[in-house]
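>>> Need a 3D model of the following:
(chains A and B)
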Amino acid sequence: MQNSANKLNADDDHVYNPPKPGRLSKPKKSRKKQDFWVIIGFLAPAMVIYALYVIYSIAMTFYYSLFEWTGIDSTLVFKGLENYITLMSDGVFWTSLQNNFLLVGASLFTQLPIGLIMALLLFSPVKGMRFFRSVYFMPFLMSTVAIGILFIYIYDGNFGIINQFLGQIGLESWQRGWLGNEETAIWAVIATVCWQFAPFYMVLFRAAIVGIPEDLYEAADIDGASPRKKFIHITLPLLIPTIITSSILSIIGSLKYFDLIYVMTDGGPNNSTELMATYMYEQTFTNFNMGYGSSISFTMFIIAFIVTAFIVLFDQKRKGAN
Amino acid sequence: MFKRTMGLLAMIALLFTTACTNSGGDSSSGSSEGSDTLTMWHIETGESEKALEDAVKRFEESHDGVNVKLVRQENDPYKTKLSVAMGGGSPPDVFHSWGGGWLENFVKADQVKDISEDIDTENYLPSALTPAEFDGKNYGAPLAMDIVPVWYNKDMFEEYGLEEPETYEELLSIVETLRSNDIIPFSLANQSKWPGSFYYMYLAERIGGPELFNEAFNREGRGFDDEAYVKAGEKIRELVEMNAFPDGFNGMNFDTGQSRQLMYSEDAAMIIQGNWMLGTTRADMPEFEEKLGFFMFPSIEGGQGSKQDIVGGVSPVFSVSKKTDNPDLAAELVNELTSKETAQQLANDDGAISAVKGVEYEDEYVQEINTVLEEAEYMQTFYDQTLPPEVAEAHLDTTQALFGQSMTPEEAAKEVEAKAKEVLE
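As a prediction, the model looks like this:
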């Protein structure tokens, strides 16, 4: 994921700064060779760490997923692909996969638009916007565990402010224990996740909007474009690379998501808020099924990998078409 | 050109130095930092933590140059943390457990030291030693015992003219009375699943008798899908349908105090919790203590279990990990941690029931609880601690689902039995 993010940033640069002509465009052959070694030299430390902590770990996860192993024992029993076969018929895994995609959807269609709206609001000519900028960004600065516990209290069926508020406005029938109810728990957590991450996208969008050249707007003003038209024909098109970066970050982030679920519901009640990552954790560390947990991990990796590859491919096609 | 070569060399040199420091760092990680430092993990809070701290102080005073690092872990994530540390090869020297199937897992993985020779088993109550005894060897020394009564608010019972119930029918009528007065009968925070398990364990024992669990666990006679378990599930359903619990209890967390708050705010009248409820009340809201009374879970008409049978467990049990650099010191630390002095302090300040012989109880509550324990005909140890983790998890998950009404009693019982068959046979 680190890799793909880097790649994307490179793509962004590509859009903003067209390749510079001159010195680098016609390198001499020996020079190219020299450059190669220097580049290797600079990349090596990062590559070593990357290879050890990412590539090696992924390979080992796959290796362990072929065994039945408690994780603390020294005996590993080879099982082949049996863990994966069990996984395919494991109802909880499918629930968690479904929840992961729910989260992906919620992230794409709420976090990103809300982030964009907040970013645009920050450019509105209202006094005290600096203050709002800090306030909007606040949720992202809070520790996840603190947010989780805060929202546990907010959603509390008896003391929580949501139910108090519903009572005040006469909607007693809507009151419920939000996290204790299988139908509402996942939505309650997803809302919290969106609350936490929307500011992150706000910052990304804000940075991108700042980067849009002012003269484009001036030109549009001269042509008499309305603010709406300016947004549709200038801001939005120039934000597309950022939107794509954000989408990838949010999709992958949602596929691997763990923290708030773990703090707020621990996958419950009755596995209704289980995500792949929390289920993997439960299997690996609570049930001592390192092998099975690894097979969940690896499946997660494959899913995230395919989704990312698909988006990158799609993005390249789009650029080619342009 | 020359500059560049030099730069490259510098780069490579840097790489090597960083690589070297890394490998240098590895050797210092491990179970303990120096030869005379012991690390100990526990989950006690408040007064009981203080008792451990004092025990450690005594130990450090009598052992010159020995330094004990006492690390407190949070209750629910503790199990995970320890298994990660064990699996990663850097466990604490001394650690907390509850005995039972969970500890047995580590014993099987050859991670726990046999301390039969290091402790004097005569010092402990025999029933407290059994949870950490495997194949006749002791893998842990107990400090205190827990039992699970039904705690209730005496003022509220008086207000609504209620009395401690003798039979389950009476308990149900209490639930009805409280509900009709807009009081939550039982406070329950079942996100972490074990608080709901108390109901299931009691109901199953009261219906199927004390041997039910042992038969199912040892795979002799009745199983986890026995009629008694199904009936216990039906009784839970009945309670849920009577609206005996707070809204959204399956999402509430005991650790963050959500069920206790309802007791303190007098929105709820009863709670089934371990005797640690007394210690936590004293820490949370000392003035509430005088309103707190308890009774034992009543018997069920036609059932085989009696009101004298209790659900309980041993906690903490202290064990020594096999990978420790100082096995003898660690074992001595365990002896100090489970000494009569520590147990006495724990009983006085925290209201704990001692697993160590010869402790005298000052506190009237504790005396009462101790009487219950002495009169008990049978102690049902907590399922989730006795069973191997996977079966325990199946039990907890299905019980939570029963409470959430997303599983029928038959389905729940069948699922646990299937898991038990797979793991225990």
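
>>> And residue B:121, how far from chain A?
27 Å (CB to the nearest CB, to the nearest Å). All C-beta spots, glycine's among them, are computed from the backbone N, C-alpha and C.

>>> does the residue in the stretch 51-200 of chain A that chain B sits nearest to sit in a helix, a strand or a coil?
For the stretch 51-200 of chain A and chain B, the shortest gap (CB to the nearest CB) falls at residue A:177, measuring 0.9 Å. Put simply, residue A:177 is coil when judged by DSSP: H, G, I helix; E, B strand; the rest coil.

>>> who are the neighbours in contact with it?
Residues near residue A:177 by CB atoms under 8 Å, 6 or more residues apart in numbering or on different chains: A:155, A:156, A:157, A:158, B:246, B:247, B:248, B:249, B:250, B:251, B:252.

>>> give me phi/psi at the nearest residue to it once chain neighbours are set aside?
Among residues not flanking residue A:177 along the chain, residue B:248 sits closest, at 0.9 Å (CB to CB, 6 or more residues apart in numbering or on different chains). The phi and psi values for residue B:248, taken as degrees, to the nearest 10, are phi 70, psi 30.

>>> From what I see, residue B:248 and residue A:156 are in contact.
Yes - if you go by CB atoms under 8 Å, residue B:248 and residue A:156 touch, sitting 7.4 Å apart.

>>> so where do the strands sit in chain A?
For chain A, the strands defined by DSSP state E occupy A:67-68, A:77-78.

>>> Quick check: the residue nearest to residue A:177 vs residue B:209, distance?
Distance, residue B:248 to residue B:209, by CB to CB, to the nearest Å: 34 Å.

>>> same thing with residue B:233?
Separation of residue B:233 from residue B:209 (CB to CB) stands at 17 Å.

>>> Who has more neighbours out of those two?
Comparing residue B:233 with residue B:209 by neighbour count (other CB atoms under 10 Å in any protein chain shown), the higher total belongs to residue B:233, at 25 against 18.

>>> ok, back up a step: most tightly packed of the strands of chain A?
Comparing the strands of chain A by mean neighbour count (mean count of other CB atoms under 10 Å in any protein chain shown), strand A:67-68 ranks first with a mean of 18.

>>> List the strands paired with that one, with their directions.
Strand pairing for strand A:67-68, using DSSP bridges, gives strand A:77-78 (antiparallel).

>>> Does anything pack onto whichever strand or helix holds residue B:177? Which helices or strands?
Using DSSP states H and E, residue B:177 maps to helix B:168-180. On a contact count with 3 or more CB pairs under 8 Å, 6 or more residues apart in numbering or on different chains; DSSP states H and E, helix B:168-180 meets strand B:184-187, helix B:227-241, strand B:268-272.

>>> could I have the following helix or strand past the longest one exported to PDB, CA atoms only?
The reference is to helix B:227-241. Where DSSP H and E defines the elements, the next helix or strand beyond helix B:227-241 is helix B:258-264. Extracted C-alpha coordinates of helix B:258-264, given in PDB (Å, rounded to 0.1, in the frame of the first residue of the first chain):
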ATOM      1  CA  GLN B 258     -21.400   0.900  31.600                       C
ATOM      2  CA  SER B 259     -23.200  -1.700  33.700                       C
ATOM      3  CA  ARG B 260     -22.000  -0.500  37.000                       C
ATOM      4  CA  GLN B 261     -23.200   3.000  36.300                       C
ATOM      5  CA  LEU B 262     -26.800   1.800  36.000                       C
ATOM      6  CA  MET B 263     -26.500   0.300  39.400                       C
ATOM      7  CA  TYR B 264     -25.000   3.500  40.900                       C
END
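
>>> Regarding chain A, what is its longest helix?
Longest helix in chain A by number of residues (criterion: DSSP state H): helix A:290-321.

>>> ok, back up a step: so which of the helices and strands packed on helix B:168-180 gets nearest chain A?
Chain A lies closest to strand B:184-187 among the helices and strands packed on helix B:168-180, at 7.8 Å (CB to the nearest CB).

>>> what about the closest residue in space to residue A:150 that isn't next to it in sequence, neighbour count?
Distances taken as CB to CB, 6+ apart place residue A:142 nearest to residue A:150, at 7.9 Å, with adjacent residues excluded. Other residues within reach of residue A:142, judged by other CB under 10 Å, total 13.

>>> For residue A:197, see how far away residue A:142 is.
When CB to CB is applied, the distance between residue A:142 and residue A:197 equals 12 Å.

>>> just residue B:162 next, same as before
Residue B:162 is 49 Å from residue A:197, by CB to CB.

>>> For those two, indicate the residue with more neighbours.
Between residue B:162 and residue A:197, residue A:197 has the larger neighbour count (other CB under 10 Å), namely 24 against 18.
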